[in-house]
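Student: I'd like to go over a predicted model; first the sequence, then the structure.
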Amino acid sequence: MRGYIVQDAESGGFLAPDGEGGVVLVRMLVRAVPFACEESASDASADHLDGCGVVIPVWVPES
(Lines give C-alpha, C1' and ligand atoms only; values in the text may rest on other atoms or scores of the structure.)
Protein backbone atom coordinates (compact mmCIF):
# COMPACT_ATOMS: atom_id res chain seq x y z
CA MET A 1 0.00 0.00 0.00
CA ARG A 2 1.30 3.46 -0.86
CA GLY A 3 1.46 6.20 1.78
CA TYR A 4 2.85 9.73 1.88
CA ILE A 5 5.24 11.16 4.48
CA VAL A 6 5.52 14.92 4.94
CA GLN A 7 8.93 16.36 5.80
CA ASP A 8 9.58 19.95 6.86
CA ALA A 9 12.00 21.45 4.31
CA GLU A 10 13.54 23.76 6.94
CA SER A 11 14.00 21.61 10.06
CA GLY A 12 14.02 18.16 8.49
CA GLY A 13 11.30 16.99 10.91
CA PHE A 14 8.36 14.82 9.90
CA LEU A 15 4.65 15.26 10.59
CA ALA A 16 2.95 12.88 13.01
CA PRO A 17 -0.32 12.95 14.97
CA ASP A 18 -0.06 14.26 18.53
CA GLY A 19 -2.72 11.92 19.93
CA GLU A 20 -5.18 14.75 20.53
CA GLY A 21 -6.34 15.38 16.97
CA GLY A 22 -3.47 17.69 16.07
CA VAL A 23 -0.12 17.34 14.34
CA VAL A 24 3.42 17.67 15.66
CA LEU A 25 6.90 17.51 14.14
CA VAL A 26 9.02 14.51 15.06
CA ARG A 27 12.72 14.19 14.35
CA MET A 28 12.87 10.50 13.50
CA LEU A 29 11.45 9.04 10.30
CA VAL A 30 10.26 5.91 12.13
CA ARG A 31 7.91 8.10 14.20
CA ALA A 32 6.38 9.78 11.14
CA VAL A 33 2.91 8.58 10.19
CA PRO A 34 2.11 8.23 6.48
CA PHE A 35 -0.95 9.91 5.02
CA ALA A 36 -3.27 7.68 3.00
CA CYS A 37 -3.42 9.97 -0.04
CA GLU A 38 -1.19 12.56 -1.66
CA GLU A 39 -3.86 15.27 -1.40
CA SER A 40 -4.10 14.87 2.39
CA ALA A 41 -0.32 15.05 2.68
CA SER A 42 -0.20 18.21 0.54
CA ASP A 43 -2.98 19.79 2.59
CA ALA A 44 -1.10 18.99 5.82
CA SER A 45 2.04 20.56 4.38
CA ALA A 46 0.13 23.72 3.51
CA ASP A 47 -1.69 23.86 6.86
CA HIS A 48 1.12 22.95 9.26
CA LEU A 49 4.31 23.88 7.42
CA ASP A 50 3.14 26.94 5.48
CA GLY A 51 3.67 24.99 2.27
CA CYS A 52 7.37 24.44 3.06
CA GLY A 53 7.04 20.67 3.25
CA VAL A 54 8.10 17.86 0.98
CA VAL A 55 5.64 15.07 0.25
CA ILE A 56 7.47 11.74 -0.05
CA PRO A 57 5.73 8.63 -1.41
CA VAL A 58 6.55 5.51 0.62
CA TRP A 59 5.57 1.86 0.61
CA VAL A 60 3.60 0.89 3.72
CA PRO A 61 3.32 -2.86 4.37
CA GLU A 62 -0.19 -4.06 5.08
CA SER A 63 -0.56 -5.49 8.56
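Tutor: Structure's in. What do you need?

Student: pLDDT below threshold where in this structure?
Tutor: Low-confidence segments of the chain (pLDDT under 70): none present.

Student: assign a three-state SS to the most centrally placed residue in the chain, would you?
Tutor: Nearest to the mean C-alpha position of the chain, by C-alpha atoms, centre = their mean, lies V6 at 3.1 Å. Counting by DSSP: H, G, I helix; E, B strand; the rest coil, the backbone at V6 sits in strand.

Student: run through the bridge partners of it.
Tutor: V55 (DSSP bridges).

Student: show me the contacts for it.
Tutor: By C-beta atoms under 8 Å, 6 or more residues apart in numbering, the residues touching V6 are 14-15, 32, 35, 41, 44-45, 48-49, 53-56. All C-beta spots, glycine's among them, are computed from the backbone N, C-alpha and C.

Student: cool, and A32?
Tutor: I5, V6, Q7, F14, L15, A16, V26.

Student: in which helix or strand does D47 reside?
Tutor: Under DSSP states H and E, the secondary-structure element containing D47 is helix 38-48.

Student: that helix: how far from the chain's middle?
Tutor: Distance, stretch centre to chain centre, for helix 38-48: 8 Å (C-alpha atoms, centre = their mean, to the nearest Å).

Student: all good on my end, thank you.
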